[in-house]
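Participant: Generate coordinates for the sequence data below:
(one chain, ligands or ions: 1)
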Amino acid sequence: MSNQTFSYATLAEQDYQQVNEHLAKGDTLDTLKWAYQQFGEKLVYACSFGAEAMVMIDLIYKVRKDAKIVFLDTNKHFKETYTLIDEVKSRYPELQIELKLPDLTLEQQAQQHGDELWKSNPDLCCNLRKIKPLHEALDGAQAWLSGLRRDQSPTRANTEYINPDPKFSSIKVCPLIHWTWDDVWNYIKTFQLPYNPLHDQGYPSIGCETCTLPVEDGADSRLGRWAHTTGKTECGLHS
Ligand code: SF4
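Facilitator: Take a look at the predicted model:
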């Protein structure tokens, strides 16, 4: 398998199936090793700095210390998230962490689209502040990593280890698809990883401060995301 050339343009459906069957026989580190062997520096991890991301970063660091990581800095994240990023930079100094900003400042966005676009048109806001910047960050990359887990939500239940991603003309690699929420926290506690303190205050999933609320214990982990809208549970990166 390692002699094959993998790219979004050349992979057929049966190739994805074959690779996914192969990766299902190994563990998470095997998936990461496979991905870095295939794509090398043309692999980018789009990191949210949520709980799953702490696991991903720790495992990635075992495979490739200078891995490229991009954080979509919408300018609207919690201060705790920015503090965590600084902690991660200290703990894993060789990682190449880029905070990718949108083209528009918040002021320019307000001038062009009105105040508080996240309330009036959250899809457009996510498009401007997340999806377009990720397109730019993935320019030149062959594949990207994501910490999606199948049990996070029904929209993620069919995610495979490697997935064709037509939105970004790329291959999306998801090493944690089979991990549970308990698996994630067992790993964080066992290896004493840093994590966002908001997780201890009822925020299982943490995005922009303007669009994230705490949820009741045991509720759907994404219920607090875009809770002020009807039905939106994804920013569009994964849908
Ligand atoms: S999560 Fe909210 S503030 Fe952040 S980009 Fe999306 S709509 Fe805008």
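
Participant: which parts of this protein sit against the ligand?
Facilitator: Residues of the chain lying close to the ligand (C-beta under 6 Å from any ligand atom) are 74, 76, 118, 122, 125-126, 129-130, 207-208, 210-211, 235. Every residue, glycine included, has its C-beta placed from N, CA and C.

Participant: State the distance from the residue of the chain positioned farthest from its centre to W185.
Facilitator: Centroid-distance maximum for the chain: Q111 at 29.4 Å, with C-alpha atoms, centre = their mean. Q111 is 43 Å from W185, where distance means C-beta to C-beta, to the nearest Å.

Participant: now D217
Facilitator: 14 Å.

Participant: C126 now?
Facilitator: 27 Å.

Participant: out of the two, which sits in the busier spot?
Facilitator: Of the pair C126 and W185, C126 is the one with more neighbours under other C-beta atoms under 10 Å, namely 24 against 15.

Participant: how deep is the nearest residue to the more buried one once chain neighbours are set aside tucked in, by neighbour count?
Facilitator: In this structure, C126 finds its nearest non-sequential neighbour in C235, 4.1 Å apart by C-beta to C-beta, 6 or more residues apart in numbering. Using other C-beta under 10 Å, C235 has 24 neighbouring residues.

Participant: For C235, give me the pLDDT.
Facilitator: Listed pLDDT for C235 reads 72.

Participant: Using the three-state scheme, assign it.
Facilitator: Applying DSSP: H, G, I helix; E, B strand; the rest coil to C235 yields a three-state assignment of coil.

Participant: correct me, but it touches I131?
Facilitator: Yes: C235 is in contact with I131 according to C-beta atoms under 8 Å; the separation is 7.3 Å.

Participant: what residues are up against the residue farthest from the centre of the chain?
Facilitator: Applying C-beta atoms under 8 Å, 6 or more residues apart in numbering, we find Q111 in contact with no residue.

Participant: next one: E41
Facilitator: E41 touches K68, counting by C-beta under 8 Å, 6+ apart.

Participant: Equivalent analysis for E98, please.
Facilitator: E98 neighbours (C-beta under 8 Å, 6+ apart): 68-71, 137.

Participant: Quick check: it vs A67, distance?
Facilitator: To A67, E98 is 11 Å away according to C-beta to C-beta.

Participant: low pLDDT regions in the chain?
Facilitator: For the chain, the stretches with pLDDT under 70 are 1-4, 219-222, 224, 226, 228-232, 234, 239.

Participant: The same query, at a cut-off of 50, please.
Facilitator: Within the chain, the ranges that satisfy pLDDT under 50 run 1-3.

Participant: Touching stretch 135-144 from outside, list them.
Facilitator: By C-beta under 8 Å, 6+ apart, stretch 135-144 touches 6-8, 35, 38-39, 42-46, 68, 70, 72, 98, 100, 162, 165, 168, 170-173.

Participant: Next, check these against the strands and list the overlap.
Facilitator: Under the assignment DSSP state E, those contribute 43-46, 68, 70, 72, 98, 100, 162, 165, 170-173 to strands.

Participant: which residues in the chain form helices?
Facilitator: If DSSP state H is used as the criterion, the helices of the chain fall at 13-24, 28-39, 51-63, 79-91, 106-113, 117-120, 122-126, 132-137, 181-190.

Participant: which of these is buried the deepest?
Facilitator: Mean neighbour count (mean count of other C-beta atoms under 10 Å) peaks for helix 51-63 among the helices of the chain, with a mean of 21.
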